[in-house]
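Colleague: got a structure for you, letters missing:
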């Protein structure tokens, strides 16, 4: 069994998922392990991001996380037509109407055209063929020592390819029995992601899920605990349940290094834990994200329902462009876990890393006194 914490020589058992290269670098330099979420980049953009990380991470290893879907819109995969043109008219009409009625201006023609070009350039990243293009970019960077598939087990041949290159393979799971499918393809470790987590997530809480995944892994795969991790004592709790470390995400959104704009951070800091809800509006799959008037409109009686991935995501991204430009907090939404309730002001990555480690040490002392 491969323990990624030991295999990678980490000073702290903290894995940080982020779409921001600065967070990846700073977490890694502070003793944890940064993992870049790659799906939002075109192959050309990903190459630029990875080259920057290579140059700033001081020779340390880091990881990449990617959506490799098991289900997707096959017409979208096979068509040479831009995915934006495959969106049925009624879905965009509904989205635009919701924003129009709220007085959120439409994008000027030049900005709309630039958005279309950007989305078209990366529009197939979430299909199997698109994921493969990003993988080819990542494999050109030998400092990448870990690769995570975020939508179920990777194809066995891909896992074997990573292993030949000495890359550790991880996979997310939201049910204990999912561990068996990962075991079949040779996954090295599992991210047991409880429902509290931001992004694509299931219905089982972290406290229930982690020991169940550990049981199903049966000593053949190590486990990281994810979902609701924002305090160092939870690292010790995760280890007590059989995990070797923790996988974190939302806590980095409030740092100075994160990719969020001041407007986005203000919306994040204003949200409570109960505002982090599970909705399909972002991708067509269930995502925990900040509740807004836009997300709730899609749950209402006039909604046309949700498109499959990746088309629903393209509807959402076009709406987000209008919302962000208008700086409208009531309609703003992005992926976030329930830990947002405790995030009220900007910090730095290094401050969060030190806090987690100090809280972990305090928890060890408390538990040692109890069992002592």
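Modeller: Alright, I've got the coordinates. If you're wondering where the values come from, they're calculated on a predicted model, not measured in any experiment.

Colleague: What are the boundaries of the strands in the stretch 201-350 of the chain?
Modeller: 222-226, 245-248, 276-279, 287-290 (DSSP state E, counting those that start in this stretch).

Colleague: mind checking which of those is nearest residue 102?
Modeller: strand 287-290 (16.5 Å; CB to CB). Quick note: C-beta positions are derived from backbone N, CA and C, even for glycine.

Colleague: Low-confidence bits of the stretch 1-150 of the chain, can you list those?
Modeller: Residue ranges of the stretch 1-150 of the chain with pLDDT under 70: 69-80, 122-127.

Colleague: ranges for the strands of it?
Modeller: Going by DSSP E, counting those that start in this stretch, the stretch 1-150 of the chain shows strands at 14-18, 33-37, 62-66, 144-149.

Colleague: and those strands as JSON lines, adding distance to residue 228?
Modeller: As requested, those are exported to JSON lines (distance: least, CB to CB, whole Å):
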{"stretch": "strand 14-18", "distance to residue 228": "14"}
{"stretch": "strand 33-37", "distance to residue 228": "18"}
{"stretch": "strand 62-66", "distance to residue 228": "19"}
{"stretch": "strand 144-149", "distance to residue 228": "19"}
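
Colleague: Which one of the ones you listed lies nearest to residue 361?
Modeller: Closest among the strands of the stretch 1-150 of the chain, using CB to CB: strand 14-18, at 13.3 Å.

Colleague: How about residues contacting the closest one?
Modeller: 4, 23-24, 27, 31-37, 63, 65, 224, 235, 245-249, 252, 258-259, 349, 353, 356-357 (CB atoms under 8 Å, 6 or more residues apart in numbering).

Colleague: cool, and stretch 320-335?
Modeller: 99, 102, 104-107, 111, 115, 198-199, 260-261, 263-264, 266-268, 270, 281-282, 287-295.

Colleague: Give me the buried subset of the residues you listed.
Modeller: Neighbour counting over the contacts of stretch 320-335 (16 or more other CB atoms under 10 Å) leaves 99, 102, 104, 107, 115, 198-199, 260, 263-264, 267-268, 281-282, 287-295 as the buried ones.

Colleague: Among the residues you listed, which are located in helices?
Modeller: Among the buried ones among the contacts of stretch 320-335, DSSP state H puts 99, 115, 263-264, 267-268, 293-295 in helices.

Colleague: tell me which residues of stretch 43-63 are tucked away?
Modeller: Quick answer for stretch 43-63 (16+ other CB under 10 Å): 43, 45-47, 49-50, 53, 57, 60-63.

Colleague: any idea how far residue 61 is from residue 131?
Modeller: Per CB to CB, to the nearest Å, residue 131 is found 22 Å from residue 61.

Colleague: cool, and residue 234?
Modeller: Taken as CB to CB, the span from residue 234 to residue 61 is 25 Å.

Colleague: what does residue 340 give?
Modeller: Here the criterion is CB to CB. By it, residue 340 lies 30 Å from residue 61.

Colleague: Show me how this protein divides into domains.
Modeller: Per the record, the chain has its domains at 4-72+125-257+343-367, 74-123+259-326, by automatic domain parsing.

Colleague: Ranking those domains by mean neighbour count, which comes first?
Modeller: domain 4-72+125-257+343-367 (a mean of 20; mean count of other CB atoms under 10 Å).

Colleague: first vs last residue of it, how far apart are they?
Modeller: For domain 4-72+125-257+343-367, the separation between the terminal residues is 25 Å (CA to CA, to the nearest Å).

Colleague: swap in stretch 233-252?
Modeller: Note: stretch 233-252 ends 17 Å apart using CA to CA.

Colleague: mean confidence for that stretch?
Modeller: What stretch 233-252 shows for mean pLDDT is 98.

Colleague: Most widely separated two among the ones in helices among the buried ones among the contacts of stretch 320-335?
Modeller: 115 and 268 (22.9 Å).

Colleague: Could you pull up the residues touching residue 177?
Modeller: With CB under 8 Å, 6+ apart, residue 177 has these contacts: residue 216.

Colleague: Could you check the pLDDT of it?
Modeller: pLDDT at residue 177 comes out at 93.

Colleague: Of the ones in helices among the buried ones among the contacts of stretch 320-335, which is the nearest to residue 211?
Modeller: The nearest one, if we look at those relative to residue 211 and count by CB to CB, is residue 268, at 30.7 Å.

Colleague: residue contacts, the closest one?
Modeller: By CB under 8 Å, 6+ apart, the contact set of residue 268 is 253-254, 260, 290, 334, 336, 340, 343.

Colleague: Mind doing that once more with 10 Å?
Modeller: 250, 253-254, 258, 260, 275, 290, 332, 334, 336, 340, 343-344, 346 (CB atoms under 10 Å, 6 or more residues apart in numbering).

Colleague: What of residue 241?
Modeller: Taking CB under 10 Å, 6+ apart, we find residue 241 in contact with 192, 206-214, 223, 225.
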